[in-house]
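> sequence unavailable; structure follows:
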């Protein structure tokens, strides 16, 4: 969100899955985000006193020359940072407007230990939307990726992005169609 005065805010409302459960007879409720802890000794995300789990929530604020430039956020678990990076690069590096940036073809990988459920590790995995085209898909396979081709607009992340120009006070927004996102102004 960016208001008329240039105040910027970003949030990722998530993690309220129910039911929560109680840890044994302790009376301590375990939030859905605590499933991100691992019981593997020595792992950076090991469950220990005083630690917080690695979480996927990534509300993002971007400054340009010390001034607010963008606010981004998305749902989507482990794909959040991947989708936000692609959307932001689409604006900064490829000159897309915010709506084009969030609707562009995306890829994601699970080449890391998953934050959720069984903490699966899928080395070399790469999911590409069909619209990347056969040439890109085959090149990624040639480079050794385990490519999965997914339907267009199928990734679980669905960024929203707001761009602000403090000189002109122009505010532009984009909302990904993948999961019912909306951009509004008033």
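That came through fine. Since this is a predicted model, take the numbers as computed values, not measurements.
> state the pLDDT value of the closest residue to residue 74 other than its chain neighbours.
Nearest residue to residue 74 in three dimensions, chain neighbours excluded: residue 159, at 4.0 Å (CB to CB, 6 or more residues apart in numbering). Glycine gets a C-beta too; all of them are placed from N, C-alpha and C. We have a pLDDT of 93 for residue 159.
> next one: residue 1
Residue 1 is assigned 79 on the pLDDT scale.
> cool, and residue 165?
Residue 165 carries a pLDDT value of 87.
> how is the protein divided into domains?
With automatic domain parsing as the criterion, the domains of the chain are listed as 15-55, 56-179.
> out of the ones you listed, which one sits most buried?
Mean neighbour count, computed with mean count of other CB atoms under 10 Å, is highest for domain 56-179 among the domains of the chain, reaching a mean of 17.
> mind checking the end-to-end distance for that one?
Domain 56-179 stretches 17 Å from its first residue to its last (CA to CA, to the nearest Å).
> from the centre of this structure, point out the most distant residue.
Here the chain reaches farthest from its C-alpha mean at residue 25, the gap being 35.4 Å by CA atoms, centre = their mean.
> quick revisit: among the domains of the chain, which is nearest residue 1?
Nearest of those to residue 1, taken as CB to CB: domain 56-179 at 6.3 Å.
> picking that back up, now for the residue farthest from the centre of the chain: which residues touch it?
Contact partners of residue 25, counting by CB atoms under 8 Å, 6 or more residues apart in numbering, are absent.
> got it, and residue 157?
For residue 157, counting by CB under 8 Å, 6+ apart, the contacting residues are 74-77, 79-80, 82-84, 106, 108, 176, 178.
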